[in-house]
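[1] Requesting a structural model of the entry that follows:
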Amino acid sequence: MEYRKLAPRQAEALTHRARGLSNAETAAAMHCSIANVANLLTECFFKLHARNSTDAVAKAIKHGLIQFTLVASIISGVGTDTQEQLRTRFQRKPTIKTIRIRNQGWNTA
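    The predicted structure is shown next:
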């Protein structure tokens, strides 16, 4: 599937979203209204065939429509203990719990 290119302001709004900023914080950073940010992100979702912000950011990064180097710069600036905690935090496998039911004297014959 081919995605349409993002306009510069759309890419900027989506990059702010990738950094974890809210619509209000993005509006302040971009010197525009919150409604304008919402419209820019809605257009991004449409162009990327995305269901939500996370999906849009992932698709935009994967296809080179936005550059997102914040994570790499954060991880390179922290110690090895923190790097290991971040690595294991995002790679954890789901926990499966086993529930044992004690026989309450039921007759299984």
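[2] Can you say which helix or strand has the residue nearest to Q67 when sequence neighbours are not counted in it?
    Spatially, and ignoring its direct neighbours in sequence, Q67 is nearest to T15 (7.4 Å; C-beta to C-beta, 6 or more residues apart in numbering). Backbone N, C-alpha and C define where each C-beta goes, glycine included. In this assignment (DSSP states H and E), T15 forms part of helix 8-18.
[3] what's the average pLDDT for that helix?
    The average pLDDT for helix 8-18 rounds to 93.
[4] picking up where we left off before, isn't the residue nearest to Q67 up against L65?
    No: judged on C-beta atoms under 8 Å, T15 makes no contact with L65 at a distance of 9.9 Å.
[5] one step back: from V57, how far off is the residue nearest to Q67?
    Applying C-beta to C-beta, to the nearest Å, the value for T15 to V57 is 9 Å.
[6] Show me the helices in this structure, by range?
    For the chain, applying DSSP state H gives helices covering 8-18, 23-30, 34-48, 53-62, 70-76, 80-90.
[7] can you put those helices in a markdown table and add mean neighbour count?
    A markdown table is the format used below for the helices of the chain (neighbours: other C-beta atoms under 10 Å):
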| stretch | mean neighbour count |
| --- | --- |
| helix 8-18 | 20 |
| helix 23-30 | 17 |
| helix 34-48 | 18 |
| helix 53-62 | 17 |
| helix 70-76 | 11 |
| helix 80-90 | 10 |
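[8] Perfect, I'm done here.
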